[in-house]
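Asks: Have a look; sequence and predicted model below, questions after that.
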Amino acid sequence: MFRTAGRVLSTLFLLAVLGGGWVIWTYRGPGPAARADGLTDVILPKGVGVGQIASDLKAAGVIGSKEIFYLAAKLSGSGRHLKAGEYEFKSGASMAEVLNDIAEGRVVRRFVVAPEGWTSEMVADAVRAQPVLTGAIETPPEGSILPDGYQIQRGEDRGEVIAKMMGARDALLAQLWAGRAPDLPLKTPEEAVTLASIVEKETGIPSERPRIAAVFENRLRAGIKLESDPTIIYGITKGRPLGRGITMKELVTATPYNTYRIVGLPPTPIANPGRASLAAVLNPPKSDEMYFVADGTGGHVFASTFAQHQANVAKWRAIERARAK
């Protein structure tokens, strides 16, 4: 009888060892192969528990045993830290790697970029073109978006993404407006955005933005027309590239955006200005400069008097003629 009992205990011990080894191998060893492209994409919704996460991973073919995943998450304490989001798991990833990735929140990072100087329609088109997003959107008001890169998640509503962009602009504008220089010729934060959008479109050289902002603000104080070519283009194409030079007819035709014909600012921004342009118009350098024109190198040359400006324009016209030949 004792011999029989010993055999039973030995068998149970062996089964326990084998079972434990199988559990460890299942947890630490290679996981299932990915179904396609070497990666398996899984979305873990917010608010679900460890059991549902384990079931979702098993159903997606990421893990071989939902019971072992559940047990490991509970015993290790990782179950309290599993994070929702979209994950991509490589083929054969071990259960230990999968659990660690979810606990660390290594979600797929997707971005939509709103470059400085884009119009709101262009940004809205970029958001609409993101296939991982859902929902329809209206184009937000011009100048209401802060240019930047924004992280997005699969299934996120497009309206929420636009709201994030607008909220970022509102927060930055409030901060910069509170610290603005005294005696600016700008009555409201929205006027600052409008002027900043013109500065944004006038130069692609960051170091020139404060100087150009100062010129435009000097002209506003003096009641002189801004005479900014990008405002004419906005009146024609709503900010899309014109693809050619401005014609004389377009230069002299009165529109709400033609700053060669109107005094002061146009009725709305002409693009979405970035941080640097907003900061430039709200804290411009002290300057008596009133004019600028292209210098042939991609930048501009500045002048305080009309005579100086005419001389600079003559040099620019000579450069244009030489290039045309």
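Replies: Received, thanks.
Asks: which intervals of the chain have sub-threshold pLDDT?
Replies: The model of the chain has pLDDT under 70 over residues 1-23, 25, 36.
Asks: Cross-check the contact I'm expecting between residue 296 and residue 321.
Replies: No: with contact defined as CB atoms under 8 Å, residue 296 does not count as touching residue 321 (11.5 Å). Heads up, the C-betas are built off the backbone N, CA and C, glycines and all.
Asks: ok, these two, which is more surrounded?
Replies: Neighbour count, other CB atoms under 10 Å: between residue 296 and residue 321, residue 296 has more, with 15 against 9.
Asks: Quick check: nearest residue in space to that one, chain neighbours excluded?
Replies: residue 319 (4.2 Å; CB to CB, 6 or more residues apart in numbering).
Asks: What helices and strands are in contact with the helix or strand the one you found falls within?
Replies: Assigned by DSSP states H and E, residue 319 belongs to helix 306-324. Applying 3 or more CB pairs under 8 Å, 6 or more residues apart in numbering; DSSP states H and E, one finds that helix 306-324 contacts strand 291-294, strand 300-303.
Asks: For that helix, buried residues please.
Replies: In terms of neighbour count (16 or more other CB atoms under 10 Å), helix 306-324 has its buried residues at 309, 312, 316.
Asks: what do you get for stretch 202-215?
Replies: In stretch 202-215, residues buried by neighbour count (16+ other CB under 10 Å) are 202-203, 208-215.
Asks: measure that stretch end to end?
Replies: Taking CA to CA, to the nearest Å, stretch 202-215 runs 12 Å from one end to the other.
Asks: Need the residues that contact that stretch.
Replies: 195-196, 199-200, 228, 230, 276-277, 280-281, 283-287, 289-292, 298-300, 302 (CB atoms under 8 Å, 6 or more residues apart in numbering).
Asks: Buried ones from those, can you make that a PyMOL selection?
Replies: Applying 16+ other CB under 10 Å to the contacts of stretch 202-215, the buried members can be selected in PyMOL as follows:
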select buried, resi 195+196+199+200+228+230+276+277+280+281+284+289+290+291+292+300+302
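Asks: In helices, which of the contacts of stretch 202-215 appear?
Replies: Within the contacts of stretch 202-215, residues falling in helices by DSSP state H are 195-196, 199-200, 230, 276-277, 280-281.
Asks: and those residues, which two are the farthest apart?
Replies: 230 and 276 (16.5 Å; CB to CB).
Asks: hey, where'd the strands end up in the stretch 101-250 of the chain?
Replies: 110-114, 148-152 (DSSP state E, counting those that start in this stretch).
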